[in-house]
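# pasted the sequence and its predicted model underneath.
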Amino acid sequence: MDKLNDFVVIGINRLGESVATHLFSLGKEVLAIDKNQARISTLGGKVSTAVATDATSFEVLHSLGVQNFDCVIICINDNLEGSLLTAQIVKDLGVKYVIATAMSEPHGKILTALGVDLVIYPDEFVGSKLASMLSKPGINELVDLTEEFKIFEMKVPESWQDKAVEELNLRKKYKLSIVFIKRGNKVISPEPDTVLLEGDMLVVAGESAKINVVASLVNDTTDVESQLSSVFGENK
């Protein structure tokens, strides 16, 4: 996982398209594969290469050089047999790191048995994310570093506005640290004398137990819909 620079994304559904295009925007080489030409046609200029072909063929994937990529991400959720067969093929090709989505626990167990390195359950992830956002308006949990420690994004509470970071003394009060401040299109690395302003978004690291305390400070239910849209996207 130290140096993953080129990726194959197989299955250009909504999740696959999002993963592929975001990786490409981050400067990674991305080969997108789907048997549906219409889906592939939407990726023009958004990935390095997009190919409409059958990913359940060993010969096809070998000819595309899939074995030379650092990571393959399998996002086939509408065809169990296709998902499993594709996973088996890319493992047989010797791909170093394979990620696959699973829509059920049995599906995930078979993928793991086939040697898939990381199995992701999209519905479970989205359900957990949605529940968290609805229960803590204004708080967007970004990363679970451990069960006890998280990185999350939050709107600056009204009681913190127009105050310097050192004045708030967040480490002592809440055992939290402000990692970045998002102010409009700018990302600011905070200094002790940096003053927080209305509208700032804070990326904060700290103990999980403190999130509920901080959430009560934000307590902003007015922007729940826009917050959900920014994370999950608009319905298509």
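Received it, and whenever you're ready, just let me know what you need. Residues are numbered from 1 along each chain as shown.
# where does pLDDT dip in this structure?
1-2, 125-147, 212, 215-216, 218-236 (pLDDT under 70).
# just the helices from it, written as ranges.
14-25, 37-41, 58-63, 80-92, 105-113, 122-135, 165-168, 170-174, 211-218, 224-232 (DSSP state H).
# for Val98, which of those is the nearest?
helix 80-92 (5.6 Å; Cβ to Cβ). Every C-beta, even on glycine, is put in place using the N, C-alpha and C of the backbone.
# kindly calculate the angle that the closest one makes with helix 105-113.
Counting by axes from the mean of the first three to the mean of the last three Cα atoms, to 10 degrees, helix 80-92 points 20 degrees away from the direction of helix 105-113.
# against which helices or strands is helix 80-92 packed?
strand 6-10, helix 58-63, strand 71-74, strand 97-101, helix 105-113 (3 or more Cβ pairs under 8 Å, 6 or more residues apart in numbering; DSSP states H and E).
# ok, back up a step: what would the helices of the chain look like in a markdown table with mean neighbour count?
Formatted as a markdown table, those follow (neighbours: other Cβ atoms under 10 Å):
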| stretch | mean neighbour count |
| --- | --- |
| helix 14-25 | 18 |
| helix 37-41 | 14 |
| helix 58-63 | 14 |
| helix 80-92 | 20 |
| helix 105-113 | 15 |
| helix 122-135 | 13 |
| helix 165-168 | 16 |
| helix 170-174 | 14 |
| helix 211-218 | 16 |
| helix 224-232 | 13 |
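# gap between stretch 41-48 and the chain center?
With Cα atoms, centre = their mean, to the nearest Å as the basis, stretch 41-48 stands 20 Å off its chain's centre.
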